[in-house]
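**Q** I need the structure of the sequence given here:
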Amino acid sequence: MRLMMLCIAGLLAGFSVQAAETQKSGLAAAVEQAWRLNPQAAGLDAREAEARAAQDVAAGLTPEPGSVSIGNLNDRFNRNQGKQEYEVELAVPLWLPGQKTAREAEAASRLDETVARRAALRLEVGGELREAWWALAAARSAKLLASRRLETARALE
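**A** From the prediction side, this is the model:
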């Protein structure tokens with residue numbers, strides 16, 4: 001008899017754990033879906049990409065890309081004496097003292113801010129969904145209780 005009671009208790013405990021895990025995975029799946037559908041999450045993805053691009057620029061050898069220009073000057077239109085000049089110009093911007101470290105720090109700060117905002121928004125979405133989830137569970141439980149009370153009242157009648 002004790003063995004039978006122990007087996008029944010074990011089965012009930014296993015079912016309750018399985019139900020809790022199913023509910024947890026259901027809630028986790030709902031949070032993931034709500035996160036994917038949240039419009040602010042897409043904005044944070046864009047901000048994160050912008051911050052990573054700023055980090056890439058700050059990690060470069062120059063603050064901006066270099067440029068090359070080529071020019072030609074001749075006198076064919078007026079005199080045609082054979083005068084001809086070519087100019088080739090190469091421009092490479094240089095970092096000012098401390099500018100590179102300042103840009104790297106600013107880019108890292110922007111990335112950290114984006115990560116923190118993402119975590120806060122994800123927690124906010126999860127909290128709102130959890131509140132709605134448990135309100136729905138409470139409403140279902142209240143409905144079940146009311147229907148049982150109705151059945152009991154009809155049986156007593």
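**Q** hey, let's count contacts and neighbours off CA atoms from now on
**A** Noted.
**Q** Would you mind measuring from Leu94 to Arg76?
**A** Using CA to CA, to the nearest Å, one gets 39 Å for the distance from Leu94 to Arg76.
**Q** Mind checking which of the two has more residues around it?
**A** For Leu94 versus Arg76, neighbours defined as other CA atoms under 10 Å are more numerous around Leu94 (14 against 11).
**Q** ok, the more buried one touching Thr62?
**A** Yes: with contact defined as CA atoms under 8 Å, Leu94 reaches Thr62; the gap is 5.6 Å.
**Q** top helix in this structure by residue count?
**A** In the chain, ranked by residue count with DSSP state H as the criterion, the top helix is helix 99-156.
**Q** what is the mean pLDDT for it?
**A** Averaged across helix 99-156, pLDDT comes to 91.
**Q** Equivalent analysis for stretch 60-77, please.
**A** Across stretch 60-77, pLDDT averages out at 87.
**Q** Relative to the whole chain's centre, how far out is it?
**A** 42 Å (CA atoms, centre = their mean, to the nearest Å).
**Q** same thing with stretch 146-154?
**A** 48 Å.
**Q** okay, it in CSV with CA atoms only?
**A** Below are the C-alpha coordinates for stretch 146-154, written out as CSV (Å, rounded to 0.1, in the frame of the first residue of the first chain):
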residue,chain,number,x,y,z
ALA,A,146,-17.6,29.6,-11.4
SER,A,147,-18.6,26.7,-13.6
ARG,A,148,-18.0,24.2,-10.8
ARG,A,149,-20.0,26.3,-8.4
LEU,A,150,-22.8,26.3,-10.9
GLU,A,151,-22.7,22.5,-11.3
THR,A,152,-22.7,22.1,-7.5
ALA,A,153,-25.6,24.5,-7.1
ARG,A,154,-27.6,22.6,-9.8
